[in-house]
Structures are given as C-alpha cells and as structure tokens.
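Participant: build me a structure from this.
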Amino acid sequence: NNWISINRKTANQILENLLVPTLNPTLTAPSISSFSQNLSTTQEVGVSVTPTFTTNFSRGSISPQYTSASPFRSGTPTKYVYSGSGNVRQVDSTSTSNSSAATGATALVEGSNTWGVYVAYSAGVQPKNSAGGDFSSPLASGATSVSNTTITGRFLRFYGPTASSPTDSATVRALPSSALQTANVMTFTLNTGNVETKFVVALPPGRTITSVFDTDAANANITSSYVFTGTINVNDGGGSGTPRTYNIYELNLGAPYSSSHAHSITTA
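Facilitator: Below you'll find the predicted structure:
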C-alpha cells in the first residue's frame, strides 16, 4: 500500500508539473537610460563651455520576480564617475539620477570634445522562478558601460558684401554672414545684394575656394574672379580666443549688381 501511495504521489507531481510548468523570469541588465548636456552639439572652436549633465540610471529588472521583495536586477547605485576635460570627478550617491555641472570650463578644440559617465552599483538579489527556486545567479556589484556626450568644435567661415576689405580679426568677424565649416568640402551661397561692389570670403585654416558659380547669371563660372588676397589672423572662440590663420578671397566689381546675385561657393 505504501508503494502504491508513493508512486501515486510521484505521478501526481509529474502531472502537476506538466499542467503547471515552472516559469522563469526575464533578466534585464542595469544601464544608463539617458545622458544629456545643456549645449548644442556643434560649436565654434575656442568657445568656453561648462556642460551640465543629467544622468539617469536604470537598475534593470527581474520580471516577474516571483518570491523576492526586489524586482531589480542590480542593487542601488553607489557612485557616478565622470570623465572629460574639466569634468574628472566622482559623485557618491544611491539615487537613480544625478544632475550636476562640470567642475571647470573647457575651451573647445577642433573635432570631438567628449565627456563620459558610468555608474557603479551594488550587488542584486537572487532571482526566483515561479516554483520559488533559484534562477540564474544574483548580479554581482559592478558598473555600467561608459555613456559619452560629444560636442564637435568647428571653425566659422565669414563672407558677404562689404564696403571695405577686412584688415584684422574684428573686421573679418564683422562680415555680414558666418557659418560653421562642418566639413572640408562644402558649398554655400553668398548673396551679393545690389549696393556693394566688394565681396569677401574668409575661410578657416587650410580651407580654400575651388569653385564659384553665379546662379543668377546662367550659372557662369566666376571662380577666377574671387582672388586670393592673403591671410589674416582671426581670433576663434567668439572673437576672444586663439588667433587662427584665415585665407581671404575678394571679388571686386566696377558697379553694383542691379539685383542681388547668388554666388555658389565650394571649398576644399
């Protein structure tokens, strides 16, 4: 009788397991869910910036966590570790978010200016399955991967109609138009207006004019009319930074255009 009872119990357990299988949770690793800063992503070389960073930490999840009090894969954060120029610091915190400014200002260099952050966290709990048993292992204490934010430094080019030739940094920067030179090869438009007879293009270090077409004169090639007149040191960083050697080109006419022309200028 005991043998029959034991085997009946075993059979019932097998049947129960077939009808109600043990379910395992889904494990999601902790991560930095957002990392932002208060500055535009492309700015002039030499501009001084003090970024403010907002870092949000996700502890991940054990979903569902059948029998444990904690549904999180990791423990609480222990510190936020920042890197990058003017930003090497550590913020000890158990909060899942941190908002703070860099500790010092940084003058942007040409190309990538990168700041990073990672979050260190404590160990997590043991994940459980639907039968109350252990599933996988607790997440050990560790850290997220580094999340980076980059501001790209670019030189401005200056251009437009003018009554007189520029002679220094201030008069170059006073030309009516400017834009970031975001690539070596770029095409932009100089609108002449119908007042001036002098048109100036000041290009950042190493940049030259390769072609100019007048789109309001049957796309005439006027490249040779834009004459290289030499170089002028132009201060970056809004005009108060480091002097940079700019290439200056001029077109001079005998009389103003009767109506504004668009000069399509390509650089290299």
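Participant: where does the chain dip in pLDDT?
Facilitator: Within the chain, the segments meeting pLDDT under 70 span 1-19.
Participant: which residues of the stretch 151-268 of the chain fall in helices?
Facilitator: Counting by DSSP state H, counting those that start in this stretch, the stretch 151-268 of the chain has helices at residues 169-173.
Participant: check whether Ala102 really touches Gly86, as I assumed.
Facilitator: Yes - using C-beta atoms under 8 Å, Ala102 is in contact with Gly86, at 4.8 Å. Any C-beta I mention is one placed from the backbone N, CA and C, and that applies to glycine too.
Participant: what do these two both touch?
Facilitator: With contacts defined as C-beta atoms under 8 Å, 6 or more residues apart in numbering, the residues shared by Ala102 and Gly86 are Thr50.
Participant: count of neighbours near Lys79?
Facilitator: When neighbours are defined as other C-beta atoms under 10 Å, Lys79 has 15 of them.
Participant: surely it meets Ser95?
Facilitator: No - assessed by C-beta under 8 Å, Lys79 is found out of contact with Ser95, at 10.8 Å.
Participant: in stretch 75-90, what counts as buried?
Facilitator: By 16 or more other C-beta atoms under 10 Å, the buried positions in stretch 75-90 come out as 75, 77, 80-82, 84-87.
Participant: what does stretch 50-69 give?
Facilitator: Buried-residue list, stretch 50-69, by 16+ other C-beta under 10 Å: 51, 53, 55-62, 65-66, 68.
Participant: please identify which helix or strand holds Gln43.
Facilitator: Element membership for Gln43 (DSSP states H and E) is strand 42-44.
Participant: Gly124 now?
Facilitator: Here Gly124 is assigned to no helix or strand, by DSSP H and E.
Participant: out of everything not next to it in sequence, what's closest to it?
Facilitator: Counting by C-beta to C-beta, 6 or more residues apart in numbering, the nearest residue to Gly124 once its immediate chain neighbours are dropped is Leu139, at 3.9 Å.
Participant: am I right that the one you found sits in a strand?
Facilitator: No - judged by DSSP: H, G, I helix; E, B strand; the rest coil, Leu139 forms no part of a strand; its state is coil.
Participant: roughly how far does it sit from Phe57?
Facilitator: Separation of Leu139 from Phe57 (C-beta to C-beta, to the nearest Å) stands at 14 Å.
Participant: just Gly124 next, same as before
Facilitator: Plainly put, Gly124 is 13 Å away from Phe57 if you go by C-beta to C-beta.
Participant: residue boundaries of the strands in the stretch 101-250 of the chain?
Facilitator: Using DSSP state E, counting those that start in this stretch, the strands assigned to the stretch 101-250 of the chain run over residues 106-107, 111-121, 142-143, 147-154, 156-162, 177-180, 187-191, 198-203, 209-214, 220-221, 227-235, 243-252.
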